[in-house]
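Student: Predicted model and sequence below, questions to follow.
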Amino acid sequence: MTEKRPGGFITLCILSWIYIGFEIIGQINALFSGRMTDDQIRDYKIELLKSQTEETLEIMGGMIDELVRILEVTRDNMYFIAGADLIFAIIGGVAVYLMFQGRKIGFHLYIIYSLLAVAVQTYFFSGFTVGVIGIVFTAVISIIFILIYRTYLKLMR
């Protein structure tokens with residue numbers, strides 16, 4: 001980057017690094033913590049049920065069952081999901097670093113990182129309402145960041 005980096009670009013990179021840093025820490029923690037046990041999932045469900053009123057349970061009862069099923073899918077595929085997310089986060093961190101250094105290849109790598117993150121969520125959680133909400137949220141945020149980074153492409157070589 002031959003020109004001075006704009007403040008908005010620096011802020012965008014810092015926000016990306018903060019998010020990616022938390023993602024890396026979270027996935028490393030998940031890998032070292034291991035899978036949830038059936039007892040832990042049951043305790044989680046009990047705590048969810050206890051915190052609800054009867055009216056809420058009538059409305060949200062299916063949502064609680066879905067959250068428990070998501071936990072079971074996550075548990076059953078935990079090492080793959082956490083490992084893939086860790087690798088993707090590292091790719092994302094490298095992508096932001098390359099963009100920060102003024103290299104256009106970082107932008108393209110960032111798009112790949114964003115697509116991979118959404119793809120893993122879609123593969124495992126697209127059958128759940130809560131999963132679809134998470135997928136859409138992740139995709140929208142990714143698109144917003146890609147579009148904002150795109151405005152700084154002219155500064156990259």
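Tutor: Good, I have the coordinates. Numbering: from 1, shown residues only.

Student: Nearest residue to Ala30 in space, please, no chain neighbours.
Tutor: Of all residues beyond its chain neighbours, the one nearest Ala30 is Ala82 (4.1 Å), with distances taken as C-beta to C-beta, 6 or more residues apart in numbering. All C-beta spots, glycine's among them, are computed from the backbone N, C-alpha and C.

Student: And for Phe9?
Tutor: Of all residues beyond its chain neighbours, the one nearest Phe9 is Tyr152 (4.8 Å), with distances taken as C-beta to C-beta, 6+ apart.

Student: give the contact list for the one you found.
Tutor: Residues near Tyr152 by C-beta atoms under 8 Å, 6 or more residues apart in numbering: 6, 8-9, 12, 99.

Student: got TSV for these, with distance to Gln27 too?
Tutor: What follows is the contacts of Tyr152, written out as TSV (distance: C-beta to C-beta, whole Å):
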residue	distance to Gln27
Pro6	31
Gly8	29
Phe9	27
Leu12	23
Met99	22
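
Student: Make a PyMOL selection of whichever of those turn out to be buried.
Tutor: Taking 16 or more other C-beta atoms under 10 Å as the burial criterion, the selection of buried members of these in PyMOL is written as:
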select buried, resi 9+12+99
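
Student: Quick one: find the helix or strand in the chain with the lowest mean pLDDT.
Tutor: Within the chain, no helix or strand scores below helix 54-76, which has a mean of 86 by mean pLDDT, DSSP states H and E.

Student: What segments of this protein are helices?
Tutor: In the chain, the helices defined using DSSP state H lie at 7-33, 38-50, 54-76, 78-100, 105-125, 129-150.
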